[in-house]
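>>> quick one: sequence and predicted model below, then my questions.
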Amino acid sequence: MRAGVALIEEVERSPLDKLDLVYPILFCYRHGLELAMKWIVSQYGRYADLPNDEDTLHHDLWKLWKVCKKVILLVGSDGDSEGLRVVEQIVKDFHDFDQSSFALRYSENKNGALIALPDCRIDLQNVRKVMAAVDNFFCGADGQLDHNVSSNGRVVTPQRRREDEP
């Protein structure tokens, strides 16, 4: 995520670099999403009875999101939230744009065919703001999940706390 910010700051210093940096910026953010989800799953997936690494040995953001969301809901939350829905849409948008992590890295696919990218304007200031919020979501989820599992490995979700109260 920080690399995306750094590249956007470079575009602000040298606006002519936007055409050369827009796809590396988007790739950095896409990769940041992937790593954030893989972190959540690798650190807390066992508390949601997920197998180790089986669901994270790929670059499919949508599959990663499904696993990550399951962990967040089972270990870190007592229900769905607006933030969860917004992040889900952002993950879906990145997935739809670059399903296999090739479109933002290479000009050709594995078969040598040119990868067609959308011809549209990209508001990098908005991308930076949105991705900062996404980064905050994952940092907050990590903190909540860590808190919920910190009592000797026993998951203490909000729902379980209510059941344990007299």
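That came through, no problem.

>>> hang on, isn't residue 83 packed against residue 138?
No: with the criterion set as C-beta atoms under 8 Å, residue 83 and residue 138 do not qualify as a contacting pair; they are 10.3 Å apart. Any C-beta I mention is one placed from the backbone N, CA and C, and that applies to glycine too.

>>> between these two, which is the more surrounded one?
Remark: of residue 83 and residue 138, residue 138 carries more neighbours, 20 against 15, as counted by other C-beta atoms under 10 Å.

>>> just checking, the more buried one touches residue 41?
No: using C-beta under 8 Å, residue 138 is not in contact with residue 41; the gap is 11.6 Å.

>>> OK, contacts around residue 28?
Residues in contact with residue 28 (C-beta atoms under 8 Å, 6 or more residues apart in numbering) are 1, 3-4, 7.

>>> out of the residues you listed, which end up buried?
Neighbour counting with 16 or more other C-beta atoms under 10 Å marks 1, 4, 7 as buried within the contacts of residue 28.

>>> output those residues in JSON lines; the columns should cover distance to residue 105.
Formatted as JSON lines, the buried ones among the contacts of residue 28 follow (distance: C-beta to C-beta, whole Å):
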{"residue": "1", "distance to residue 105": "17"}
{"residue": "4", "distance to residue 105": "14"}
{"residue": "7", "distance to residue 105": "14"}
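
>>> from the residues you listed, pick the one nearest residue 94.
residue 4 (11.8 Å; C-beta to C-beta).

>>> what residues are up against that closest one?
Under the criterion of C-beta under 8 Å, 6+ apart, the neighbours of residue 4 are 25-26, 28-29, 32, 127-128, 131.

>>> got it, and residue 106?
Applying C-beta under 8 Å, 6+ apart to residue 106 gives the contacts residue 115.

>>> can you give me phi and psi for it?
phi -130, psi 160 (degrees, to the nearest 10).

>>> for the one 5 residues further on, same thing?
Torsion angles at residue 111 (phi, psi; degrees, to the nearest 10) stand at phi -90, psi 0.

>>> tell me, how many residues neighbour it?
Counted with other C-beta under 10 Å, the burial measure for residue 111 works out to 5 neighbours.

>>> residue contacts, it?
Residue 111 makes no contacts at all, as judged by C-beta under 8 Å, 6+ apart.

>>> and the residue nearest to the spatial centre of the chain, which helix or strand is it part of?
When C-alpha atoms, centre = their mean is applied to the chain, the residue found nearest the centroid is residue 33 (2.6 Å). Residue 33 belongs to helix 18-44 when elements are defined using DSSP states H and E.

>>> next SSE downstream of that helix?
By DSSP H and E, the next helix or strand past helix 18-44 is helix 61-71.
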